[in-house]
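# the following block contains a protein sequence and its predicted model.
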Amino acid sequence: MRLWLFIVLTCSLQARNLDVIIVRGADGDAEYGKKFTAQVETWKAACTKGDVPVEIISGEESAAKLEKRIATAKAERPLWLVLIGHGTFDGREAKFNAEGPDFDAKQLAGWLSPLKQEIAIIHCASSSGGFVRPLAGKGRVIITATKSPDEVFYARFGEHFAEAIGGLSEADLDQDKQVSLLEAFRHASKAVATFYENEGRLATEHALVEDNGDGTATRREMLESPPAEAKLDGERAAQLVLVLSDEEKKLTDAQRTKRDALERDLKKLRDERTKLDDATYYTRLEKLLRELGEVYGSSRPAT
């Protein structure tokens, strides 16, 4: 019994198989600098709470530092890249305002292209919508504060997203004691919309999520009232969590990966239900449910 307890406690103290890199952009002015610093500190606290290593890139030549850091990313470790700051759009290219030279979507896409692991990019700056298509692809989750590069005013989305990702109870829509990327996205998007409504102002930012690789992103409103036959994003973002619940911590990274894949297979099977005869459908369903049960069964200690 004592040996088993020691093993459980030891596993719970191990860092997650996930890297988070935060790029803090140029202030613009002191008011925004304070907001960006607050977001970075909130993210750092969330990463500490989630046992996830985090690196902050800031200062002169941030773009060069980021390029170098991406080049050294370990293939076996999923990566979350968080961009906090201002963005600009000159009519041709959307850029992130780093300290030192700015970088655009094509540059970032080029730096990330050699990586094979799953990557989530949370771009909290204005004009971030221009980064969606260049960055989208298989194994990518892209979240942006704006729907297009033309939304150039300060984006409040990042403030609310940083608050939610650490496990904010109001953002936990399915009440599973943890907040996924999708839940943080939906919470932040709604908080931004509420701000503009209360202020009686025209909204200048509309956040997007893209995680199916087709380059066409989805807004929160579409997720809440999905059009018939619409191919919406959010399925993978709903499975990615920074701060795990106590129940989720009972699974290893490998078990969570397998569980997530099985859940996606189950959804695909349900979507194909009308095309399958009963025997085929229920045979495949039973197989998937058995495999899913084995994942959860293997996470329980032997008695």
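Great, that's in hand.
# for the rest of this, base every contact and every neighbour count on C-alpha atoms.
OK.
# okay, now S189: neighbour count?
The burial count assigned to S189 is 25, neighbours taken as other C-alpha atoms under 10 Å.
# so it is in which element?
Using DSSP states H and E, the secondary-structure element containing S189 is helix 181-199.
# sort out which residues of that helix are buried, please.
When neighbours are counted by 16 or more other C-alpha atoms under 10 Å, the buried residues of helix 181-199 are found to be 181-193.
# export these to CSV and tack on distance to V40?
Converted to CSV, the buried residues of helix 181-199 look like this (distance: C-alpha to C-alpha, whole Å):
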residue, distance to V40
L181, 17
L182, 20
E183, 19
A184, 16
F185, 17
R186, 20
H187, 18
A188, 16
S189, 19
K190, 21
A191, 19
V192, 19
A193, 23
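# where does this protein have its least confident helix or strand?
Confidence across the helices and strands of the chain bottoms out at helix 2-12, with a mean of 33, counting by mean pLDDT, DSSP states H and E.
# which strands or helices does the next helix or strand after it pack on?
Heading C-terminal from helix 2-12, the first helix or strand you meet, by DSSP H and E, is strand 19-24. Judged by 3 or more C-alpha pairs under 8 Å, 6 or more residues apart in numbering; DSSP states H and E, the packing partners of strand 19-24 are helix 30-49, strand 54-57, strand 79-84.
# strands paired with strand 19-24, and their directions?
strand 54-57 (parallel), strand 79-84 (parallel) (DSSP bridges).
# could I get those strands as CSV with mean neighbour count?
Compiled in CSV, those are given as follows (neighbours: other C-alpha atoms under 10 Å):
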stretch, mean neighbour count
strand 54-57, 17
strand 79-84, 23
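# go through those strands and name the closest to P101.
Nearest to P101, of all the strands paired with strand 19-24, is strand 54-57, at 13.7 Å by C-alpha to C-alpha.
# tally of neighbours for I122?
Close neighbours of I122, defined as other C-alpha under 10 Å, add up to 23.
# so it lies in a helix, does it not?
No - the secondary structure assignment for I122 gives strand rather than a helix, going by DSSP: H, G, I helix; E, B strand; the rest coil.
# what sits against it?
With C-alpha atoms under 8 Å, 6 or more residues apart in numbering as the criterion, the residues that contact I122 are W80, L81, V82, L83, I142, I143, T144.
# show me where the stretch 201-303 of the chain has strands.
If DSSP state E, counting those that start in this stretch is used as the criterion, the strands of the stretch 201-303 of the chain fall at 208-210.
# burial count for A228?
Other residues lying near A228 total 6 when counted by other C-alpha under 10 Å.
# ugh, wrong one, I meant A230
The burial metric for A230, expressed as a neighbour count using other C-alpha under 10 Å, is 9.
# and what of R290?
As a burial measure, R290 scores 11 neighbours (other C-alpha under 10 Å).
# any idea how far it is from A254?
To A254, R290 is 17 Å away according to C-alpha to C-alpha, to the nearest Å.
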